[in-house]
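Chemist: Have a look at this prediction, sequence included:
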Amino acid sequence: MAIKSDSALVLVGRIIWMMFGPMLAAANLIFILTVKGWRTGADIAYLVALTAMILGRCVEHLGGNPHTSTGEPSTPADLRRYILLTLIGGLALWLVANLLANYVLP
């Protein structure tokens, strides 16, 4: 099933929240595990990637023709759930990575 995007900005938002954001976040989580400290460049880059994922999803919704990752039409409730789960899950992963890097792995 091909998904029709209304603009290039919507397409970029979709690519960011589905592909590049999670890849960058995962890479930064691995880097956080190797760096000691709580406010390092890896932490900032991870939080930027997390924010970009949320903003990309919002841009797709504001663009007019949003879809879920499975291709189904997305509702405002889907957007709220994505934002909530991304924030809670992303911050929990960040916290665990920092706790491991600073207290367990050294």
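Modeler: Yep, that arrived. Numbers count the residues shown, from 1 in each chain.

Chemist: C-alpha from now on. contacts and neighbour counts both.
Modeler: Noted.

Chemist: In this structure, where is pLDDT below threshold?
Modeler: By pLDDT under 70, the low-scoring segments of the chain are 1-6, 106.

Chemist: if you set the cut-off to 90 instead, what comes out?
Modeler: Within the chain, the stretches with pLDDT under 90 are 1-14, 35-39, 62-72, 74, 104-106.

Chemist: now the strands for it?
Modeler: Counting by DSSP state E, one finds no strands in the chain.

Chemist: quick one, what contacts Ala97?
Modeler: Shown in contact with Ala97 (C-alpha atoms under 8 Å, 6 or more residues apart in numbering): 29, 32-33.

Chemist: if you set the cut-off to 10 Å instead, what comes out?
Modeler: 28-34, 43, 91, 104 (C-alpha atoms under 10 Å, 6 or more residues apart in numbering).

Chemist: Please narrow these to those residing in helices.
Modeler: Judged by DSSP state H, helices contain the following of those: 28-34, 43, 91.

Chemist: Now flag whichever of the residues you listed is closest to Cys58.
Modeler: Leu91 (18.8 Å; C-alpha to C-alpha).
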